[in-house]
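Peer 1: build me a model:
(one chain, ligands or ions: 2)
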Amino acid sequence: GSVAAAPCAPTPGALADGTRVPLLANLGDATDAPAAVALGAEGVGLLRTEFLYLESQAAPSVEAQTAHYAEAFRPFAGRRVIVRVLDTGADKQLAFLGHEHEENPALGRRGLRALREHEGVLRDQLEALVAARDQTGVELAVMAPMVADADETEYFVALARSFGIASVGITAEVPSSAVLADQLAPLVDFISIGTNDLTQYALAADRMLGTVAAYQDPWHPAVLRLVRLVGQAGAEAGVPVGVCGEAAGDPLLAVVLVGLGATELSMSPALLGEVRAELGAHTLAEARELAALAVGARSAAEARAVVEAELSRRS
Ligand code: PEP
Ligand code: MG
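Peer 2: Ligands and ions are numbered 1, 2, ... in the order given. I've put the predicted structure just below:
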């Protein structure tokens, strides 16, 4: 059904029973930050940092990075800001990370895999993030993209903590990290599920390829079951589990994700109002019931349909 428009002064995200679900913003660069605050973002759940690097053939200096991060952070002083360290490779190759032709770049040396081979680039980024944090007073958290297992998790967590960063996490977007979430959750301060890549990899369908676009649907029960694994592992380890992929901005799917164990949601700021309203219409018990229906479906379309049918049956 349709939901009420967001009120003028947005309230924090919560379910109908009062369970808090912080609603955070995905930002593509610093210029989006003031609008995100105006739309009620309680913090930043994903600051993508690729924009800084794509402009130049050389890695940006620590000083240049610090200035950009500080601009993005300033509207969020006193709040949590999760920054994802550089996620290139795949479709966006950078000369200073060394690039070779890859037949399947989505399965190649991207994200943390590339940074680990060029640790100086990662160290400069972490140094700049800490400097920007100290200038602006945000609660800085950092996370690594494309983490596959405990070895990669431990590498990133140790490095980021050595810079004095208090909150260090990973994205769960490679299916292996979701399958192994019980091993990874105790190693981190939070996990953020990237449903865009998680869907691409779970369904083995290139997210850039139009001919297989129908597979890129995070309602797919295989994706939802991976989300459930991460949710369960997070709950057991006492670690927050966010979702920062497109799925978090689909109001009904957002309810299902919370039912599967997501404790915070990050999305394009324009979607915050609708998601806030939908969450407010369901209790945690209801979200869990809807999630149980969705994971039992046989396809993405069926998962969506059973959840919609259950809601219209109730109303
Ligand atoms: C994701 O993979 O879901 C994600 C949030 O990151 P990106 O879309 O930048 O890969
Ligand atoms: Mg991703």
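Peer 1: contact partners of the lowest-mean-pLDDT helix or strand in the chain?
Peer 2: Least confident element among the helices and strands of the chain, by mean pLDDT, DSSP states H and E: helix 50-54 (a mean of 89). Residues from elsewhere that reach helix 50-54, judged by CB atoms under 8 Å, 6 or more residues apart in numbering: 28-29, 59-60, 64-65, 68, 86-88, 92, 94. C-beta coordinates here come from the backbone N, C-alpha and C atoms, glycine included.
Peer 1: same question, stretch 196-203
Peer 2: Under CB under 8 Å, 6+ apart, the answer for stretch 196-203 is 106, 146, 171-175, 178, 205-207, 215-218, 220, 222-223, 226-227, 245-247.
Peer 1: and Arg314, how many neighbours?
Peer 2: Arg314 has 10 neighbours, counted by other CB atoms under 10 Å.
Peer 1: and if you look at Ala35?
Peer 2: Using other CB under 10 Å as the criterion, Ala35 is surrounded by 14 other residues.
Peer 1: and it, what does it touch?
Peer 2: Here Ala35 is in contact with Pro269 (CB under 8 Å, 6+ apart).
Peer 1: and it, how far is that from Gly45?
Peer 2: 15 Å (CB to CB, to the nearest Å).
Peer 1: swap in Arg110?
Peer 2: Distance of Arg110 to Gly45, given as CB to CB: 21 Å.
Peer 1: next one: Gln200
Peer 2: Between Gln200 and Gly45 the computed distance is 20 Å (CB to CB).
Peer 1: pretty sure Leu229 contacts Ala178?
Peer 2: Yes - using CB atoms under 8 Å, Leu229 makes contact with Ala178 at a distance of 5.1 Å.
Peer 1: and those two? Which one has more around it.
Peer 2: Higher neighbour count among Leu229 and Ala178: Ala178, with 24 against 19, using other CB under 10 Å.
Peer 1: contacts only, for the residue positioned nearest the centre of the chain.
Peer 2: Most central in the chain under CA atoms, centre = their mean is Cys244, positioned 2.5 Å from the mean C-alpha point. Taking CB under 8 Å, 6+ apart, we find Cys244 in contact with 24, 26, 45-46, 82, 171, 192-195, 266-267.
Peer 1: tell me the pLDDT of it.
Peer 2: Model confidence at Cys244, given as pLDDT, is 98.
Peer 1: just Ala90 next, same as before
Peer 2: Here the pLDDT value assigned to Ala90 is 61.
Peer 1: of the contacts of stretch 196-203, buried ones?
Peer 2: Buried subset of these (neighbour count, 16 or more other CB atoms under 10 Å): 106, 146, 171-175, 178, 205-207, 215-218, 220, 223, 226-227, 245-247.
Peer 1: circling back to that earlier point, if you rank the contacts of Cys244 by neighbours, which is first?
Peer 2: Highest neighbour count within these: Ile193, with 34 neighbours (other CB under 10 Å).
Peer 1: Thr263 is in contact with that residue, correct?
Peer 2: No - between Ile193 and Thr263 there is no contact under CB under 8 Å: 11.0 Å.
Peer 1: anything in contact with each of these two?
Peer 2: The contact lists of Ile193 and Thr263 share 241-242, where a contact means CB under 8 Å, 6+ apart.
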